[in-house]
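Novice: Structure, please.
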Amino acid sequence: MDRRQFLALTCSALVTPGGAAMGQTAPDSPALDAARSYFEGRTVRVIVPAAAGSGTDRSSRIFISALAPLLPRTRFRLENNDRAGGQIGASELWRGRADGTVIGFPRNNLFYAQLLERDTLDFSFSDFTFFGSVTRGHRALVLGNASEISGVEEILAGRRIVLKSADAVTSSHFVEAMLMNALSGSRIRAVPGFSGGARNMAVISGEVDCQIGSIEAVQPIVESGAGRIVFRLSSDPLPEGLPEVPRLADHLLDPDLDWAVGIIDAAAAIGRPFAGPPGMAPEASAHWIALFDAVVGDAAFREKAFADEGVAIDPAPADAIAARLARLSSLGDGLRDEVDALLRCGRLLSESTEGTCG
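Specialist: Down below sits the predicted model:
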């Protein structure tokens, strides 16, 4: 696929979920002058709770590389920590200083962890101080050309086990594979132990059949010519320039389970959040929001991110993230049990071609 052609179609406008354009903060604006003064001479710790080469790592580093020139007298120290599916790195961000000198990119698999009230979570995802999301996502399934699987129809038929790579059982691509099984009858088995770019390499080498993830995470497989997008788990159409493929919402075994697709859509909409610890000083938070707007509002940055890395910047403001999380909270206390039941079903289907769910 020609990135620049895709770029012209997808990145010509910067639009929020409500349809209003996000304005750019001018490089010489008073807001950025105030931010430069506030952070001058300081060291900012940037926590990336993901492995090097992962989609989160790539989008985070692209963003920081564009942010750093706006704060020329500020030092940035990037730290990758992907242990426990990013939970440990996110916990460090949660406990960081609230003066603005600790920021990060909590992975949205932590959204699932909070939704399911996992005991291993010692923080609340929804209580981070959000500045925005670098790019909202689409969840796609890429089938490797080295796989014996002929296409998505064979996957949906559920007559054979389909292997995909995963880093941990807490990751979003693991959870979403199990949800796809339960909702569609597929039998995808997520094989843990692949971190960062190794997940894609496992598809390229033929070690596994497929991968599920955001567009920027799975794009290297497509660009290498080693695989193709054959299915989408999220409901919104893929960006123009990408293939028109079937979607999960149209292949539900039980139409009454469409609410579960809505959860996948919510995780995709949250995308790649940029955040700080809870209770951040309002002054510091305002500076980071102004800096975020300046970076994502820069057309040259968006073009470079896509041309160099294949990352289509499609940002969301902080209030859109908060609204999405609030809507999910309103679904009620029984949601955890219902999602857990679907995940158990998904795992059962992944174990053999004989397993069925009640």
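Novice: Strands along the stretch 251-358 of the chain, start to end?
Specialist: 273-276, 316-317 (DSSP state E, counting those that start in this stretch).
Novice: ugh, wrong one, I meant the stretch 1-150 of the chain
Specialist: 43-48, 75-80, 102-104, 129-133, 139-144.
Novice: would you turn these into JSON lines with distance to A157, mean neighbour count and mean pLDDT?
Specialist: Where you see a C-beta, it was placed from the backbone N, CA and C, and this is true even at glycine. Formatted as JSON lines, the strands of the stretch 1-150 of the chain follow (distance: least, CB to CB, whole Å; neighbours: other CB atoms under 10 Å; pLDDT from 0 to 100):
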{"stretch": "strand 43-48", "distance to A157": "39", "mean neighbour count": "20", "mean pLDDT": "96"}
{"stretch": "strand 75-80", "distance to A157": "39", "mean neighbour count": "14", "mean pLDDT": "94"}
{"stretch": "strand 102-104", "distance to A157": "42", "mean neighbour count": "23", "mean pLDDT": "96"}
{"stretch": "strand 129-133", "distance to A157": "36", "mean neighbour count": "25", "mean pLDDT": "94"}
{"stretch": "strand 139-144", "distance to A157": "14", "mean neighbour count": "26", "mean pLDDT": "96"}
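Novice: Most tightly packed of the strands of the stretch 251-358 of the chain?
Specialist: strand 273-276 (a mean of 26; mean count of other CB atoms under 10 Å).
Novice: where are the low-confidence patches of the stretch 201-350 of the chain?
Specialist: 328-333 (pLDDT under 70).
Novice: same check, this time on the stretch 51-200 of the chain
Specialist: For the stretch 51-200 of the chain (pLDDT under 70), the answer is 117-121.
Novice: got the strands of the stretch 1-150 of the chain as a markdown table, with distance to I270 columns?
Specialist: Formatted as a markdown table, the strands of the stretch 1-150 of the chain follow (distance: least, CB to CB, whole Å):
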| stretch | distance to I270 |
| --- | --- |
| strand 43-48 | 16 |
| strand 75-80 | 21 |
| strand 102-104 | 15 |
| strand 129-133 | 6 |
| strand 139-144 | 12 |
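Novice: Let me know which of those strands is the nearest to G355.
Specialist: Judged by CB to CB, the one of the strands of the stretch 1-150 of the chain that comes nearest to G355 is strand 139-144, at 20.7 Å.
Novice: distance between that closest one and the chain's centre?
Specialist: 14 Å (CA atoms, centre = their mean, to the nearest Å).
Novice: And the helix or strand just after that strand, what does it pack against?
Specialist: Once strand 139-144 ends, the next helix or strand along the chain (criterion: DSSP states H and E) is helix 152-157. Helix 152-157 makes packing contacts with strand 139-144, strand 227-232 when contacts are defined by 3 or more CB pairs under 8 Å, 6 or more residues apart in numbering; DSSP states H and E.
Novice: which parts of the last one are buried?
Specialist: For strand 227-232, burial by neighbour count (16 or more other CB atoms under 10 Å) applies to G227, I229, V230, F231, R232.
Novice: hmm, who's touching that strand?
Specialist: Strand 227-232 is contacted from outside by 138-145, 151-152, 155, 203-204, 210-211, 218, 221-222, 238, 242-243, 245-248, using CB atoms under 8 Å, 6 or more residues apart in numbering.
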